[in-house]
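Enquirer: Attaching a predicted model along with its sequence, questions to come.
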Amino acid sequence: MRVDEVKPGDEELVRLAQGGDSAAFSELVVRHQNEVYTLALRLVGDREMAADVAQEAFVRGWRALPKFRGDSRFTTWMHRITVNTAWSLRAKAARRRTERIDDLAFEPRSTGMSPERAGELSELRPRIESALSVLPIGTRTVVVLKDVYGWSHPEIAEHLDISVAASKVRLHRGRKRLRDELWPYVEEIS
Amino acid sequence: MSVACRFARVQMPLVDVDDTFPGPLTAHVSSCLRCQAESARYRSLRRNLAGLTSRLEPAPAGLAGQVSARITASESVPDVLRSRPPRVAAATGVVVAVAGTLAMVRWLRTRTAS
């Protein structure tokens, strides 16, 4: 590759891919696969399933590309597709296992993290990932979308096919649970 | 713990980035050290959650290749083009059904006449 060669931006690659250039889309996949996979992993909490979700999301993205009008960034658009894909694949898997995926199945579980006082932010983040991973899927999805990716409650409600009130309830439950997991020894004495 | 403290604790998980509490709770929290400490924990939690955006997990090796293979296998046909065959199939089905009905009516008439 020449040093002065300028890599095309996402918008250019999207335009080429919309014209049927699968190589351009493959470049988009290479660029954004870590983001999409990370989001999928945070949503489903399982590496193998997250890989399936990421793969399926990109394929759905390719198929839906003609409908992408560029109102949002490509990554934002892919995030939405990833959420929908994760939700549908998780629901299918849950149906197969005859599990309930909603919050009625909520059962407190320990993350197994050491009960230390809250430290520096850099120390806390891996613990938050760990605590997130054991939240029930419905709760975790709302917390991830709202607090990590900055979605609004109406956006979350629309994509998860739940009410705005339900989204708020899950956020409340999720934050409360994270707080309880992360600060076990600093509870106020009433 | 006072009633105001208990009420504030219930509200805290839903407070957003601006730390705005509903109504009179603002005054309570600003004068209650315990509630301020609790509010700070949630603020820290939100800040750390927002900071996760930049922490990326590496995608499994081969993911991009698998996506490319699936796209190639589907002959790189985007949805807009893909939606045509079902329409053609539906139209063909309607034509066959109408033709079949007409043939049946004609046969019944012939049979009745004879």
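Expert: Great, that's in hand.
Enquirer: Quickly list the domain ranges of chain A.
Expert: Taking automatic domain parsing as the reference, chain A has its domains at A:1-99, A:114-190.
Enquirer: Check which element follows the one helix or strand in chain B whose mean pLDDT sits lowest along the chain.
Expert: Least confident helix or strand, chain B: helix B:79-82 with a mean of 51, by mean pLDDT, DSSP states H and E. Going down the chain from helix B:79-82, the next helix or strand is helix B:84-113, by DSSP states H and E.
Enquirer: Phi and psi next, for B:Pro60.
Expert: Main-chain dihedrals, B:Pro60, degrees, to the nearest 10: phi -60, psi 140.
Enquirer: Can you give me the distance of it to B:Leu52?
Expert: 20 Å (C-beta to C-beta, to the nearest Å). For every residue, glycine as well, the C-beta is placed using N, CA and C.
Enquirer: Pick out whichever of those two has more residues nearby.
Expert: Each of B:Pro60 and B:Leu52 has its neighbours counted (other C-beta atoms under 10 Å in any protein chain shown); B:Leu52 has more, 19 against 16.
Enquirer: Now tell me what touches stretch A:77-94 from outside.
Expert: With C-beta atoms under 8 Å, 6 or more residues apart in numbering or on different chains as the test, stretch A:77-94 has contacts from A:32, A:35-36, A:39-40, A:43-44, A:49, A:52-54, A:56-58, A:60-61, A:64, A:68, A:100-101, A:137, A:141, A:145, A:149, A:159-160.
Enquirer: Please pick the buried ones from those.
Expert: Using 16 or more other C-beta atoms under 10 Å in any protein chain shown as the burial test, the contacts of stretch A:77-94 include A:32, A:35-36, A:39-40, A:43-44, A:49, A:52-54, A:56-58, A:60-61, A:68, A:101, A:137, A:141, A:145, A:149, A:159-160 as buried.
Enquirer: follow-up on the earlier one: among the contacts of stretch A:77-94, which lie within helices?
Expert: Counted as lying in helices by DSSP state H, out of those, are A:32, A:35-36, A:39-40, A:43-44, A:49, A:52-54, A:56-58, A:60-61, A:64, A:137, A:141, A:159-160.
Enquirer: any low-confidence regions in chain A?
Expert: Residues of chain A meeting the criterion pLDDT under 70: A:1-5, A:96-124, A:184-190.
Enquirer: And for the nearest residue to A:Ser26 once chain neighbours are set aside, the neighbour number?
Expert: Once flanking residues are discounted, A:Ser26 sits nearest to B:Ser68: 4.8 Å by C-beta to C-beta, 6 or more residues apart in numbering or on different chains. Using other C-beta under 10 Å, B:Ser68 has 18 other residues around it.
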